[in-house]
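Undergrad: Test case, fold it:
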Amino acid sequence: MSSHVVNSAWKVIPMFESRSISQTVDFYTKTLGFELASVKPEHGKSEQYFCSIFIGKKAEANFYFSKVSAESFKSSHAYIALGTSELDDFHVYLKRTPGVEFDKEIEDTPWGFRQFTIKDIDGNLLTFFKFLEGGNPGEE
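TA: Numbers count the residues shown, from 1 in each chain. Predicted structure coming up:
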């Protein structure tokens with residue numbers, strides 16, 4: 001029974017914290033080029049407390065953000081796999097984009113990744129990577 005349940009998993013959605021959902025949406029959509037899936041509440045009815053953003057076909061890289069106070073905020077870290085040529089292209093794009101803070105520059109790692117890490121406006125870390133060997137799903 002447990003192998004059937006485990007084998008049915010089809011997606012992981014990390015949950016990050018945000019001090020301002022509207023600023024998070026702006027950074028991820030306008031600066032990084034992610035897509036907005038939803039915001040709660042919608043249409044400015046009151047202060048926003050949740051958003052969902054994504055990149056990739058079928059929202060394969062999807063992130064949820066919940067609003068927290070500055071005092072209770074804790075940063076998170078996620079890895080996002082990109083296609084073979086797209087990783088370097090995205091790195092070049094982000095290096096030229098105002099408002100993007102790099103935590104670690106692009107490098108080839110001993111564990112077989114080519115990767116770089118940026119910080120979002122709250123200090124959450126996003127590591128974009130590709131495999132050095134064996135090909136990369138997602139490439140065109």
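Undergrad: Now do the helix ranked longest in the chain: distance to the chain's middle.
TA: If you go by DSSP state H, the chain has its longest helix at helix 84-95. Taking the mean of its C-alpha atoms, helix 84-95 sits 15 Å from the chain's own mean (CA atoms, centre = their mean, to the nearest Å).
Undergrad: if you average pLDDT over it, what comes out?
TA: The average pLDDT within helix 84-95 is 93.
Undergrad: Burial check on the closest residue to Thr29 other than its chain neighbours, number of neighbours?
TA: With sequence-adjacent residues excluded and distances taken as CB to CB, 6 or more residues apart in numbering, Thr29 is closest to Leu36, at 5.4 Å. (C-beta placed from N, C-alpha, C; glycine too.) A total of 13 residues lie near Leu36 under the criterion other CB atoms under 10 Å.
Undergrad: confidence score at Leu36?
TA: pLDDT, Leu36: 96.
Undergrad: That one is in what secondary structure piece?
TA: In the assignment (DSSP states H and E), Leu36 maps to strand 35-40.
Undergrad: Check what pLDDT the residue most central in space within the chain gets.
TA: For the chain, the residue nearest the mean C-alpha position is Leu126 (5.6 Å; CA atoms, centre = their mean). pLDDT recorded at Leu126 is 96.
Undergrad: ok, it - contacts?
TA: By CB atoms under 8 Å, 6 or more residues apart in numbering, the contact list for Leu126 reads His77, Ala78, Ile80, Thr117, Ile118, Lys119, Asp120.
Undergrad: Okay, it and Phe54: tell me how far apart.
TA: For Leu126, the distance to Phe54 equals 13 Å [CB to CB, to the nearest Å].
Undergrad: Name the nearest residue to Ala81, ignoring sequence neighbours.
TA: Phe129 (5.9 Å).
Undergrad: Just the pLDDT at that neighbour, thanks.
TA: Value for Phe129, per-residue pLDDT: 95.
Undergrad: Using PDB, write out every CA atom in the helix or strand hosting it.
TA: Applying DSSP H and E as the criterion places Phe129 in strand 125-131. The C-alpha coordinates for strand 125-131 follow below in PDB (Å, rounded to 0.1, in the frame of the first residue of the first chain):
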ATOM      1  CA  LEU A 125      17.300  31.900  -1.600                       C
ATOM      2  CA  LEU A 126      16.700  30.600  -5.100                       C
ATOM      3  CA  THR A 127      19.300  28.300  -6.600                       C
ATOM      4  CA  PHE A 128      19.000  27.800 -10.300                       C
ATOM      5  CA  PHE A 129      20.800  24.800 -11.600                       C
ATOM      6  CA  LYS A 130      21.300  22.200 -14.400                       C
ATOM      7  CA  PHE A 131      23.000  18.800 -14.400                       C
END
